[in-house]
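A.B. asks: give me coordinates for this.
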Amino acid sequence: MKRFSIISIALFLISSLIPLSYAETTFKIGVFDLQKIIKESKVVQEYKKNFLTEIEIKRKPLQEKQDSIRLIEERLKNEGKTISLEERRRLEDRRDRDIKEFQRLKEDFDMELRRIDRELYQKVVREVREIVKSIAEKDRLSIVFERLQAGIAYSEDSFDITKKIIEAYDEKK
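C.D. replies: Numbering: from 1, shown residues only. Predicted coordinates for the structure are as follows:
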């Protein structure tokens, strides 16, 4: 009996030392899917459309150089036996220069493509992060995870704020 009294008093003292604010605090979690936002957001789709337009403009000189190479090769193939040796060498030299220039242009184009894609992705992530913060503050979420980055295999739909983010993102622009 004496032992029970001591334990009861100890538990009472420990529980009275814990502030009430801890007991009243709720822990709310949010989860979102960045890939779904990228796939479904109208704003991101507009960014992609502008990206593709810019790519087509930058691809034009590359296509022109490729066409030039093809024309020279066709001429060499069709007229190879009838043109002079000097003309043939001149065409082959021009073709070789054009091939080197095409390769350089292609490398530059690929590098530019990766740079633009990376900048676009970073822009979207930055904008989504701001929206997530706003929603988390408004809904009083304690912590928010991005589904793939956090390695979340499953979460209840009640935790998923992806649709809220898409709606807020599309309204923002």
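
A.B. asks: tell me what the helix or strand hosting Arg126 is packed against?
C.D. replies: Using DSSP states H and E, the secondary-structure element containing Arg126 is helix 85-139. For helix 85-139, the packing partners by 3 or more C-beta pairs under 8 Å, 6 or more residues apart in numbering; DSSP states H and E come out as strand 29-32, helix 34-40, helix 42-79, strand 143-146, helix 162-172. For every residue, glycine as well, the C-beta is placed using N, CA and C.

A.B. asks: how big is the angle separating the third one from helix 85-139?
C.D. replies: To tie it back to what came earlier, the one meant is helix 42-79. Between helix 42-79 and helix 85-139, the angle comes out at 170 degrees (axes from the mean of the first three to the mean of the last three C-alpha atoms, to 10 degrees).

A.B. asks: pull out the buried positions in helix 42-79.
C.D. replies: Of all the residues in helix 42-79, those buried under the rule 16 or more other C-beta atoms under 10 Å are 43-44, 47, 62, 65-66, 68-69, 72.

A.B. asks: will you turn these into JSON lines that also has distance to Arg89 and pLDDT?
C.D. replies: What follows is the buried residues of helix 42-79, written out as JSON lines (distance: C-beta to C-beta, whole Å; pLDDT from 0 to 100):
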{"residue": "Val43", "distance to Arg89": "56", "pLDDT": "92"}
{"residue": "Val44", "distance to Arg89": "52", "pLDDT": "92"}
{"residue": "Tyr47", "distance to Arg89": "49", "pLDDT": "92"}
{"residue": "Leu62", "distance to Arg89": "26", "pLDDT": "91"}
{"residue": "Lys65", "distance to Arg89": "21", "pLDDT": "92"}
{"residue": "Gln66", "distance to Arg89": "22", "pLDDT": "93"}
{"residue": "Ser68", "distance to Arg89": "18", "pLDDT": "92"}
{"residue": "Ile69", "distance to Arg89": "17", "pLDDT": "93"}
{"residue": "Ile72", "distance to Arg89": "12", "pLDDT": "90"}
